[in-house]
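Visitor: Sequence first, then the predicted structure:
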Amino acid sequence: DAMVIQNPRYQVTQFGKPVTLSCSQTLNHNVMYWYQQKSSQAPKLLFHYYDKDFNNEADTPDNFQSRRPNTSFCFLDIRSPGLGDAAMYLCATSRGGWGITYEQYFGPGTRLTVT
Amino acid sequence: GESVGLHLPTLSVQEGDNSIINCAYSNSASDYFIWYKQESGKGPQFIIDIRSNMDKRQGQRVTVLLNKTVKHLSLQIAATQPGDSAVYFCAENNTGANSKLTFGKGITLSVRP
């Protein structure tokens, strides 16, 4: 089945130790998104790629970076995780089209714990 | 520091009854709307979407209603089942501006057996 895959599902990192979360998709979608979701809150968009074009949200801290080496993979790098970065990180994909919006498909998420 | 989680509004319904989950959106330029279901520990799951040229769309056991005049969106679930218990998010997009979704705060649906 076509899907969005996130690895690992659970990640524990130490305060200040860089961590990378990965996302892959078999949907061949050209748009990939990274969201942060804290308990009892809506997903908050960090950034997205439209093909190779990177689009950062204005309020996303510099501590968060992303890479998309090819259509199928996208990575979220947290350079120096703080306790406040503990959250669920969600990857999503969608088709992209001029003048039309398509639904986003989400992966299962990676639960990040910072100790 | 310690963080305090927000408490989402909760809708409690009896199994077998119909559920109506409401959402008020903010941007009058939004032209695409979508409902997601999120179970505990999982990613949001697409339920149904609707574009602004429609005011009603039906899926399997679900119906979405859009009232652009008052900027209101609702999700109706027929014959609610225990498996429908989850947090439900509405989201909106202004296609002319970008491809991003703006999510609402979320509502917890609790189904009583």
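Guide: Looks like it arrived, so ask away. Residues are numbered from 1 along each chain as shown, chains lettered A, B, ... in the order given.
Visitor: Chain B versus the residue lying farthest from the centre of chain A, what's the distance?
Guide: When each C-alpha in chain A is compared with the mean C-alpha position (C-alpha atoms, centre = their mean), A:Gly99 comes out farthest, at 24.1 Å. Using C-beta to the nearest C-beta, to the nearest Å, one gets 6 Å for the distance from A:Gly99 to chain B. Glycine gets a C-beta too; all of them are placed from N, C-alpha and C.
Visitor: Centroid-nearest residue for chain A?
Guide: A:Trp34 (2.5 Å).
Visitor: nearest residue to that residue other than its sequence neighbours?
Guide: Leaving aside its chain neighbours, A:Trp34 sits nearest to A:Leu46 (4.6 Å; criterion: C-beta to C-beta, 6 or more residues apart in numbering or on different chains).
Visitor: which stretch of helix or strand covers the one you found?
Guide: Taking DSSP states H and E as the criterion, A:Leu46 maps to strand A:44-50.
Visitor: Tell me which helix or strand comes right after the helix-or-strand element of chain B with minimal mean pLDDT.
Guide: None of the helices or strands of chain B scores lower by mean pLDDT, DSSP states H and E than strand B:102-103, at a mean of 92. With elements assigned by DSSP H and E, the helix or strand that comes after strand B:102-103 is strand B:107-112.
Visitor: Give me the pLDDT value at the residue nearest to A:Trp34.
Guide: You'll see A:Leu46 listed with a pLDDT of 97.
Visitor: Next: the one 5 residues further on.
Guide: In the predicted model, A:Asp51 carries a pLDDT score of 92.
Visitor: How about the residues of chain B by chain A?
Guide: B:1, B:3, B:5-8, B:31-32, B:34, B:36, B:41-46, B:49, B:89, B:93, B:95-96, B:98-101, B:103-106 (C-beta under 8 Å from any C-beta of the partner chain).
Visitor: What subset of these is buried?
Guide: Neighbour counting with 16 or more other C-beta atoms under 10 Å in any protein chain shown marks B:8, B:31-32, B:34, B:36, B:43-44, B:49, B:89, B:93, B:95, B:99-101, B:103-104, B:106 as buried within the residues of chain B next to chain A.
Visitor: Looking at the residues you listed, which are in strands?
Guide: Among those, the subset assigned to strands under DSSP state E consists of B:32, B:34, B:36, B:49, B:89, B:93, B:103.
Visitor: For these, point out the one with the lowest pLDDT.
Guide: Lowest confidence among those: B:Asn93, with 90.
Visitor: Contact partners for that residue?
Guide: Contact analysis of B:Asn93 by C-beta atoms under 8 Å, 6 or more residues apart in numbering or on different chains lists A:101, B:30-34, B:99-102.
Visitor: What ranges does chain A have for its strands?
Guide: For chain A, the strands defined by DSSP E cover A:4-7, A:10-13, A:19-25, A:31-37, A:44-50, A:53-56, A:64-67, A:73-78, A:87-94, A:105-106, A:110-114.
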